[in-house]
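K.L.:
I'll drop the sequence and a predicted model, then ask my questions.
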Amino acid sequence: MSQKRVILAGGSGFIGQSLARTLQQQDYEVVILTRMPRERRDGIRELAWDGVHPGPWVDTLEGAEAVVNLAGQNINCPHTPANLQKLTASRVNSVQAIAAALPRLAQPPRVWVQASAVGFYGDAGDQLCTETTPAGTGHLADICRDWEGALHAVPLPRPRTVLLRIGFVLGREGGALPVLSKITKLFLGGAVGSGRQYISWIHITDVTRMFVAAIEQELSGIYNAVGPEPVTNAEFMRQLRRVWHRPWSPPAPAFAVRIGSRLMNSEATLALMSCRSLPRRLEDAGFIFNYPRLEAALRDLCP
Ligand SMILES: NC(=O)c1ccc[n+]([C@@H]2O[C@H](COP(=O)([O-])OP(=O)(O)OC[C@H]3O[C@@H](n4cnc5c(N)ncnc54)[C@H](OP(=O)(O)O)[C@@H]3O)[C@@H](O)[C@H]2O)c1
């Protein structure tokens, strides 16, 4: 039997590379859509797309098992009006490009798995956010609403769609954990701001397994792709200090975080906003976490 094909739009990044490796190990044919295709020797194919227009890449969707869309400019940049526009456009355009490809296919992919983020809920304090919680306010919520809105606007008939609202992904090869580890080792890993803001974290292995579950199981609709144990920033930093053997570090007040973020070409909001979301629908679907507890996740990733 020929291999089932999965197309990863924006699959060259942190989550995409983990998912590509996992799918390949599970005997899928993996094709990545990227703006800068490279020759690879690992059997994964990279094809050019611009993330905006249908092009020759459309052919690879014909008869595919799944298309997974991870494309979007990285959120870790100053949230200036110009950058906010690019953050939104890169997400909405990629959804619309895939949508425009579908009517050209005799046999569209069986499932479309679309990334979104728990930023959808805005700065929600200690409110528990499940998939039925309405959108919050603020620019991250606005971006996610437009992003998800583009998927909801895809005309019927369309493939089975699964939308994963992803939390703060912990991994060795991307995301914020390597940076947080570095500053923690320099005795600068204190609580950030009030320290009371929640972090909805998830281990890269588990978020990768959720994407595979979205492809292979009959999931449909919106799912929070977060671990079952969101913690406050103070608790997160305490546990991170513990794995790096740094018993204490001075807290970083919000104004210092704002200055530091500017110097690092980043955005303080990402560290100061609070999101306490739960993976209710995935747990209801029987998803079992490899890393439900923060301590074990950090011990695995910070050896
Ligand atoms: N990692 C997290 O903690 C997290 C949390 C919540 C949500 N998410 C979302 O999940 C998705 C994947 O996350 P990730 O951590 O793997 O992100 P990533 O490492 O930044 O990768 C995203 C990919 O999007 C592509 N891209 C960037 N700008 C683009 C543009 N203007 N047009 C088209 N494609 C563009 C890039 O591919 P090329 O440069 O090769 O084209 C890049 O490899 C993203 O949409 C992200 O917002 C991630």
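P.N.:
That came in fine, so what should we check first? Computed from a prediction, not measured in an experiment: that's the story for all the values here. Residues are numbered from 1 along each chain as shown.
K.L.:
residues in contact with the top helix by length along the chain?
P.N.:
Determined from DSSP state H, the single longest helix within the chain is helix 81-101. Helix 81-101 is contacted by residues 9-10, 49-54, 57-58, 61, 67, 69, 71-73, 75, 77, 79, 112, 114, 139, 142-143, 146-147, 149-151, 153-155, 158 when judged by CB atoms under 8 Å, 6 or more residues apart in numbering. Quick note: C-beta positions are derived from backbone N, CA and C, even for glycine.
K.L.:
isn't Ile32 right next to Ser12, touching?
P.N.:
Yes - here Ile32 reaches Ser12: they are 5.8 Å apart, a contact under CB atoms under 8 Å.
K.L.:
list the residues that contact both of the two?
P.N.:
Here Ile32 and Ser12 have Glu46 as joint contacts, going by CB under 8 Å, 6+ apart.
K.L.:
Show me just the buried residues among the contacts of helix 81-101.
P.N.:
9-10, 49, 51, 54, 57-58, 61, 67, 69, 71-72, 75, 79, 112, 114, 139, 142-143, 147, 150-151, 154 (16 or more other CB atoms under 10 Å).
K.L.:
Run through those residues and flag the ones next to the ligand.
P.N.:
10, 51, 71-72, 75 (CB under 6 Å from any ligand atom).
K.L.:
Among these, name the ones in strands.
P.N.:
Using DSSP state E, no member of those falls within strands.
K.L.:
which pair in these spans the largest distance?
P.N.:
Distances among those were taken as CB to CB; the most separated pair is Gly51 and Ile75, at 15.8 Å.
K.L.:
Can you list the residue ranges for strands in this protein?
P.N.:
5-9, 29-34, 45-48, 66-69, 111-117, 128-129, 160-166, 168-170, 198-199, 201-203, 221-225, 231-232, 276-277.
K.L.:
I'd like those as TSV, with mean pLDDT appended.
P.N.:
Output for those, formatted as TSV (pLDDT from 0 to 100):
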stretch	mean pLDDT
strand 5-9	98
strand 29-34	98
strand 45-48	98
strand 66-69	98
strand 111-117	98
strand 128-129	98
strand 160-166	98
strand 168-170	98
strand 198-199	98
strand 201-203	98
strand 221-225	98
strand 231-232	98
strand 276-277	98
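K.L.:
Redo the ones you listed as CSV? Include distance to Ala268.
P.N.:
Below are these laid out as CSV (distance: least, CB to CB, whole Å):
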stretch, distance to Ala268
strand 5-9, 30
strand 29-34, 30
strand 45-48, 35
strand 66-69, 28
strand 111-117, 17
strand 128-129, 21
strand 160-166, 21
strand 168-170, 15
strand 198-199, 15
strand 201-203, 19
strand 221-225, 24
strand 231-232, 17
strand 276-277, 19
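K.L.:
among those, which is nearest Leu180?
P.N.:
Judging these by CB to CB, what sits closest to Leu180 is strand 168-170, at 9.3 Å.
K.L.:
Of all the residues in stretch 237-247, which ones are buried?
P.N.:
237-241, 243-244, 246.
K.L.:
residue contacts, the residue nearest to Leu102 when sequence neighbours are not counted?
P.N.:
Using CB to CB, 6 or more residues apart in numbering and skipping residues adjacent in sequence, the residue nearest Leu102 is Pro108, 5.0 Å away. Pro108 is in contact with 61, 102, 158-159, counting by CB under 8 Å, 6+ apart.
K.L.:
Run a quick neighbour tally on the residue of the chain found nearest the ligand.
P.N.:
Nearest residue of the chain to the ligand, counting by CB to the nearest ligand atom: Gly13, 2.0 Å away. Close neighbours of Gly13, defined as other CB atoms under 10 Å, add up to 19.
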